[in-house]
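>>> Task: produce atomic coordinates for the following.
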Amino acid sequence: MDTALIKKLLLERLSHCSKGAFEAQVEPNIPPKHLEKVKKSFGITDERVLGLIDTSLFGRGKNGIVFTEKGVYFKDVLCDLKIRHYTDDWRPGEDTAFDSLGIKPDNALIDTFAVTGLMDAIVYGLSGQLDTVPLPQTVKPAADAPAPEGIAEHTPSDSTQKADAEDDDDDDNDDDVGLLDLFGVILDVTSDPSEE
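Just a heads-up that it's a prediction; the model follows:
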């Protein structure tokens, strides 16, 4: 495997896969003690870990996403460990992080779409097609772009705009953590400390 290519893509894109305060770490900037916890928790014995996002509380290495030289591992509190190998298990443009890894689009910690794009880029890169295959764009259309034909443009009334603005102000104070993720944090905190 071309580990240099995978590390390059992880350096460029792995941080976009995290939605919260969980830091993306790429080799050689993964502390050895933390790396050992992650490898043990994810059952990684004969692969080199190139990058990870540890979503477990206090960095215990029990949950998150791990990229090795051969594939990706994902484990969350509410789902079993999922493993997908780059060249054997992932079909770019067809597979998604939701279908293949079980990362739900509403996951408050990991961005499903960013992981899908990263996996596609890795597989295209390993097959030598990264420069020839267009990757999905995440650019939003301009606000003044005309509506597609057959779709009526709708301008909300002033009262609707005011209500939307008030709702936006309230959303600024909301946390990004969903109920299921909060449940996972509680489970992680209450786990048996003798496991370490």
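>>> In the chain, mark out all the strands, start to finish.
Taking DSSP state E, the strands of the chain run over residues 24-26, 49-54, 64-68, 71-76, 79-85.
>>> for the shortest one, packing partners?
Other helices and strands packing on strand 24-26, by 3 or more Cβ pairs under 8 Å, 6 or more residues apart in numbering; DSSP states H and E, are helix 3-13, strand 49-54. Quick note: C-beta positions are derived from backbone N, CA and C, even for glycine.
>>> how about the strands of the chain in TSV, adding distance to Y124?
Compiled in TSV, those are given as follows (distance: least, Cβ to Cβ, whole Å):
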stretch	distance to Y124
strand 24-26	19
strand 49-54	17
strand 64-68	15
strand 71-76	15
strand 79-85	15
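>>> re earlier: how about TSV for the helices and strands packed on strand 24-26, with mean neighbour count, mean pLDDT and distance to G128 added?
As requested, the helices and strands packed on strand 24-26 are exported to TSV (neighbours: other Cβ atoms under 10 Å; pLDDT from 0 to 100; distance: least, Cβ to Cβ, whole Å):
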stretch	mean neighbour count	mean pLDDT	distance to G128
helix 3-13	17	92	10
strand 49-54	24	95	19
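>>> Just put the ones you listed in JSON lines and tack on distance to A108.
Listed next are the helices and strands packed on strand 24-26 as JSON lines, based on distance: least, Cβ to Cβ, whole Å:
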{"stretch": "helix 3-13", "distance to A108": "20"}
{"stretch": "strand 49-54", "distance to A108": "13"}
